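K.L.:
Turn this into a model:
(one chain, ligands or ions: 1)
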Amino acid sequence: MGVMKASYQDPSVPAYVAAHATQPDQTLRELAVETAALTGGNAGMQISPEQGTLLTMLVQLTGAKLAVEVGTFTGYSSICIARGLVPGGKLIACDVSEEWTAVARRYWEKAGLTDRIELRLGPAQQTLEAMPEDEPIDFAFIDADKPGYAGYYHELVDRLAPGGLICADNTLQGGRIADARAGGNVPAMRAFNDLVTADPQVDSVLLPIADGLTLIRKH
Ligand SMILES: C[S@@+](CC[C@H](N)C(=O)[O-])C[C@H]1O[C@@H](n2cnc3c(N)ncnc32)[C@H](O)[C@@H]1O
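P.N.:
All right, here's what the predicted structure looks like:
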C-alpha cells in the first residue's frame, strides 16, 4: 500500500518543498514582511508561500469564476486566489477583523485586485448562510476558527458547483491530528476530517503541505 513511503516526514523536507515551488512576487513578499511586523506571533496564521502558489494553480485549474474565502487575515491567500480567477471573476472574502483586513485592502489595491475581491466583515457562518443558493461557488478556501469548519463546510458544499473545489487549511494540526487524546483544536479538526471523508457528495485528499491542506471536490 506504500503507507511508509511518506518522505515528507523527514524534518529536512518542508524547507526543500518550499524552495521548489514558484516563489511569491514582490507584493506577496512585502505583505509577509509587513504582516510579521504588524501582527507579531499572529503572522503564523498566514498561509505558506508554496500553499499560495498551489491555491493560484488550483483556482486556475478549476476555471473558477466565483470563489469564497473564510478567513482573510491580512490578505495573502485572498491575493493568491483572486489572481487565479477567470477574467470577470469574483472572490468573496470573509473575516471578522476590521483591523487585519484593513491591511488586506491596502494590498488588494497594490496588487490591482480591488475590482475582484469583495470583503464581508462579520461572523462567516452568518455571511455564508445569507449567500444565495442559486449562484454556484466554484472554489472555496476555509482558513478561520477551527470549531467553525464543519458549519462553513455545510454551507459551502451545498452551494458548490459540480466539479467545484473546497480547500481546508490546518487539517494536520501540527502533526497532532492522529492523536485521539490531543486537546485544543484537534478534536474539532478530527471531527471535520471525518465528516469530509464520510460525505458521499465529494472526493477528498489530505495533502501534507504546510500544516495540512485538504482538497475536496464535489461530484
Ligand atoms: C488563519 S487566519 C487566516 C489567514 C489567511 N488565510 C492568510 O493567508 O493570511 C484566520 C482568520 O479567521 C478570522 N476569523 C476567526 N473567526 C472568524 C469567524 N467566526 N468568522 C470569520 N472570520 C473569522 C480571523 O480574524 C483571522 O483573520
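K.L.:
pLDDT value on the residue nearest the centre of the chain, please?
P.N.:
Per CA atoms, centre = their mean, the C-alpha nearest to the average position across the chain is that of Phe141, at 3.7 Å. Per-residue pLDDT puts Phe141 at 99.
K.L.:
got the contact list for it?
P.N.:
Listed by CB atoms under 8 Å, 6 or more residues apart in numbering, the contact partners of Phe141 are Leu55, Ala67, Val68, Glu69, Val70, Gly71, Ser77, Ile81, Ile166, Cys167, Ala168, Asp169. The way it works is simple: take the backbone N, C-alpha and C, and place the C-beta from them, glycine included.
K.L.:
So it lies in a helix, does it not?
P.N.:
No. Phe141: not assigned to a helix; according to DSSP: H, G, I helix; E, B strand; the rest coil it is strand.
K.L.:
So which of the contacts of Phe141 sit within strands?
P.N.:
Secondary structure assignment (DSSP state E) places Ala67, Val68, Glu69, Val70, Ile166, Cys167, Ala168, Asp169 from the contacts of Phe141 within strands.
K.L.:
beta partners of the third one?
P.N.:
Here Glu69 sits in beta bridges with Ala93, Phe141, as judged by DSSP bridges.
K.L.:
In this structure it contacts Ile79, no?
P.N.:
No. Contact criterion CB atoms under 8 Å: Glu69 and Ile79 do not qualify, at 10.4 Å.
K.L.:
Tell me which of the two has more neighbours.
P.N.:
Just comparing Glu69 and Ile79: by other CB atoms under 10 Å the higher neighbour count belongs to Glu69, 29 against 26.
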